[in-house]
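S.K.: Build the 3D model from these lines:
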Amino acid sequence: MSSNRAFTLLGVVAAGGAGYYLYNAGGDPKAAQKKFEADASKVSSQVKNELPGRGKEAQKEGEALFSQAGSKAEQASADAKSKLSEAEAKARELSQKAGKDINGAIDKFDKTVEDKAAKAKSGLSSWFGGK
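M.R.: Residues are numbered from 1 along each chain as shown. Coordinates of the predicted model:
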């Protein structure tokens, strides 16, 4: 249903444009056609004249955006490297601290095991007449 309306609207616009050119030409279809062609040529030349300028502007804007993105990427890379080095330093510090804690726990466990082994040995020796 809406495409039917679109075709109707398009037809009305085309008829209105044709009527405009016929009215301005005084009802002469050849004069109206020449006026339409002249207007179309004028619009076409204006578009062609503006496009190359727009292309250069767009290229300059693109280059500016590209360089800006490059500098932001470099900054992000530098930030990431500094955070990575901070994380590595913290990991080394935690690793050393954990190593000290683990060594302390192992030493404590060894001492406990040796004390219990000594008690057990003395208890067994006493059964068999030893000290």
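S.K.: contacts and neighbour counts: CA atoms only from here.
M.R.: Fine.
S.K.: Poorly predicted segments of the chain, please.
M.R.: When residues are selected by pLDDT under 70, those of the chain lie in 1-2, 51-56, 58, 123-131.
S.K.: Where is the longest helix in it?
M.R.: Of all segments of type helix in the chain, defined using DSSP state H, the longest is helix 29-127.
S.K.: which other helices and strands contact that helix?
M.R.: helix 2-24 (3 or more Cα pairs under 8 Å, 6 or more residues apart in numbering; DSSP states H and E).
S.K.: now the angle from the helix it packs on to helix 29-127?
M.R.: 140 degrees (axes from the mean of the first three to the mean of the last three Cα atoms, to 10 degrees).
S.K.: ok, and what's touching helix 2-24?
M.R.: Contacts to helix 2-24, defined as Cα atoms under 8 Å, 6 or more residues apart in numbering, come from residues D28, P29, A31, A32, Q33, K35, F36.
S.K.: of these, buried ones?
M.R.: A32, K35, F36 (16 or more other Cα atoms under 10 Å).
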